[in-house]
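Visitor: Show me the folded form of this:
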Amino acid sequence: MLNRLVPILMLLAAPLWAAEVQVMPGQGTLQNAIAGASPGDVLRLSEGSYAGALVIDKSLTLTGPVGAVIDGEGQGSVITVTADDVVIRGVTVTGSGLLNAEIDSGIKIVKGADRAMIEGNQIVGNLHGVDVHGGLDSVVRGNTIVGLRLERMNDRGNGVYVWNAPGTVVEDNDIRDGRDGIFSNASRKGIYRNNLFRDLRFAVHYMYTNDSEVTGNVSVGNHLGYAIMFSNRVVVRDNLSLGDREHGVMLNYANNADVSGNLVRGGTNKCLFIYNAHKNLIYDNRFEGCGIGIHFTAGSERNVLTGNAFITNREQVKYVGTKHVEWSFEGRGNHWSDHPGFDLNGDGIADGVFRPNDLMDHILWSQPAAALLTGSPAVQLVRWSQKSFPATLPGGVLDSHPMMAPKAIAVPSEIAAMEEAVAGRWAEGNYDDIATEHLGSH
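Guide: Presented below is the predicted three-dimensional model:
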């Protein structure tokens, strides 16, 4: 009986007066259509130009072909959504203002405007693409968002800016140019998945965003891939960072995260940077071809690292500390491409332990000029002594159960082509103003 009542109740709840209204281009036609519409109406735009800045203050659906262009003409936000259950689908939105203080955007969803659906649009040439500014349970899906290439990268806007907007879903978007692909600040319970990020500062940038997930995304040729900062209980899973400049994944004051199944590859300064981050599970990732496989610093404690592959990084691990840190869990360690191990019993675990750094590494990190002595007899004697007399080793990383085979993570051919196109980009030394090592640069 209940199953039969549900569709009847849903039908009764829908506005019986909903209508489909065809809107033709022209001066003021769209503003007038919104003013004259009733909640639930569908405004179907024809190809042509429509003037912003618009305010949608009713539960309407705005749809049309991509040739229907809503242009803010450089004034404020092009479309501001102030009502619940608004749908904007299939149109082109362009020409916002340039005031970062006002977060001028292609589409702005304000507090109190819940369950907005922004789907399948071309959102191009705006300071910020979509600003979800307090609205709950919004969905930003399947859009192409292309920002501005202002001279200073930090003056540009974000593709999607999420502020205090729990339940936001951002998925299947192609985001490029501007500052950050997704900047999530002071929010929670967001889902950011299956997006493509190119030519940005950060692909995904978290500040004070808890209980959320970043999954299945692709970052190609950005300054930094996935920056999880001052955030707790974040899932970072099955993402790709290919040819990014500084870090593939950064955990900065991030705790209780699940970081798994990610691939960081190609030219990055640091595959994984962990700074004052605690109780994180870091497993089944592949870190390949970076300057440093993992930089582990600032008193990060009680992290579990297992099942990861460290492949041909110039330095596999940078850890300077007096404590011994075990990087295996329940008899399963990590794979190290520079570990000449044997597996006589064929269980997939190397027979000997592996230390990816030693006393000379510590000296070289703290005194770079000592690199001139790397091949000297004195250095070789120190390393021989440490191998023969382990008690002389300082604190550092120990993998008691190193894996013989690396974790494999496939890259689709079309994404591999994008990776190849940006190869060597950062070697030219000509890139925008950004200091990712300065953790206050947001």
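
Visitor: so where do the helices sit in the stretch 251-400 of the chain?
Guide: When assigned using DSSP state H, counting those that start in this stretch, the helices of the stretch 251-400 of the chain occupy the ranges 359-366, 377-388.

Visitor: Counting by contacts, list what the host helix or strand of residue 32 packs against.
Guide: Using DSSP states H and E, the element containing residue 32 is helix 29-36. Helix 29-36 sits against strand 20-23, strand 42-45, strand 48-51, strand 54-56, with contacts defined as 3 or more Cβ pairs under 8 Å, 6 or more residues apart in numbering; DSSP states H and E. Just so you know, the C-beta spots here come from the backbone N, C-alpha and C atoms, and that holds for glycine as well.

Visitor: With distance to residue 325, mean neighbour count and mean pLDDT as extra columns, can I get those in TSV?
Guide: As requested, the helices and strands packed on helix 29-36 are arranged in TSV below (distance: least, Cβ to Cβ, whole Å; neighbours: other Cβ atoms under 10 Å; pLDDT from 0 to 100):
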stretch	distance to residue 325	mean neighbour count	mean pLDDT
strand 20-23	63	14	97
strand 42-45	59	20	98
strand 48-51	59	19	96
strand 54-56	54	20	97
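
Visitor: Tell me which of the ones you listed lies nearest to residue 411.
Guide: Checking the helices and strands packed on helix 29-36 against residue 411 by Cβ to Cβ gives strand 42-45 as the closest, at 38.6 Å.

Visitor: then the closest one to PDB, C-alphas only?
Guide: Presented in PDB, the C-alpha positions along strand 42-45 are these (Å, rounded to 0.1, in the frame of the first residue of the first chain):
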ATOM      1  CA  VAL A  42      10.900  25.400 -17.400                       C
ATOM      2  CA  LEU A  43      12.400  28.300 -19.300                       C
ATOM      3  CA  ARG A  44      13.800  27.000 -22.600                       C
ATOM      4  CA  LEU A  45      16.200  29.400 -24.300                       C
END
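
Visitor: what's the offset of that strand from the middle of its chain?
Guide: Using Cα atoms, centre = their mean, to the nearest Å, we find the averaged C-alpha position of strand 42-45 to lie 34 Å away from the chain's own average C-alpha position.

Visitor: With only the CA atoms kept, save the helix holding residue 32 in CSV.
Guide: Provided in CSV are the C-alpha atoms of helix 29-36 (Å, rounded to 0.1, in the frame of the first residue of the first chain):
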residue,chain,number,x,y,z
THR,A,29,13.7,38.9,-22.4
LEU,A,30,15.2,36.4,-20.0
GLN,A,31,14.8,38.7,-17.0
ASN,A,32,11.2,39.3,-17.9
ALA,A,33,10.6,35.5,-18.3
ILE,A,34,12.0,34.9,-14.8
ALA,A,35,9.8,37.6,-13.3
GLY,A,36,6.7,36.2,-15.0
